[in-house]
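*Asks:* Structural data only, the sequence is not supplied:
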């Protein structure tokens, strides 16, 4: 938890990008990208469900009526 709010000085950031051909390092691997995608899908589903409920429409939760 102590490393959560750590910062890097601006001079160090600039020197790192100048030395590596002006490119940033890739730090997200396949596992992190997969979880990022899953989080985006779940978040979009929650957002759309709340929007439908706020509009007064029927949500897809529970039994389907009218069959």
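*Replies:* That came through, no problem. Since the model is a prediction, treat every value here as computed from it, not as a measurement.

*Asks:* going forward, measure contacts and count neighbours with C-alpha atoms only.
*Replies:* Noted.

*Asks:* Now do the spatially most central residue of the chain against residue 29, distance only.
*Replies:* By C-alpha atoms, centre = their mean, the chain has its centre lying nearest to residue 36, at 5.0 Å. To residue 29, residue 36 is 11 Å away according to C-alpha to C-alpha, to the nearest Å.

*Asks:* Okay, helices next: where are they in this protein?
*Replies:* Ranges of helices in the chain, per DSSP state H, are 10-19, 30-55.

*Asks:* Which among the ones you listed is found nearest to residue 3?
*Replies:* For the helices of the chain, the distance to residue 3 is smallest for helix 10-19, at 17.3 Å, taking C-alpha to C-alpha.

*Asks:* what about this protein, any weak spots by pLDDT?
*Replies:* Residue ranges of the chain with pLDDT under 70: 1, 19-24, 57-67.

*Asks:* again, only using 50
*Replies:* Scanning the chain for pLDDT under 50 picks out 66-67.

*Asks:* quick revisit: would you turn the helices of the chain into a markdown table with distance to residue 4?
*Replies:* A markdown table is the format used below for the helices of the chain (distance: least, C-alpha to C-alpha, whole Å):
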| stretch | distance to residue 4 |
| --- | --- |
| helix 10-19 | 18 |
| helix 30-55 | 17 |
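
*Asks:* circling back to that earlier point, ok, now how distant is the residue nearest to the centre of the chain from residue 43?
*Replies:* Distance, residue 36 to residue 43, by C-alpha to C-alpha: 10 Å.
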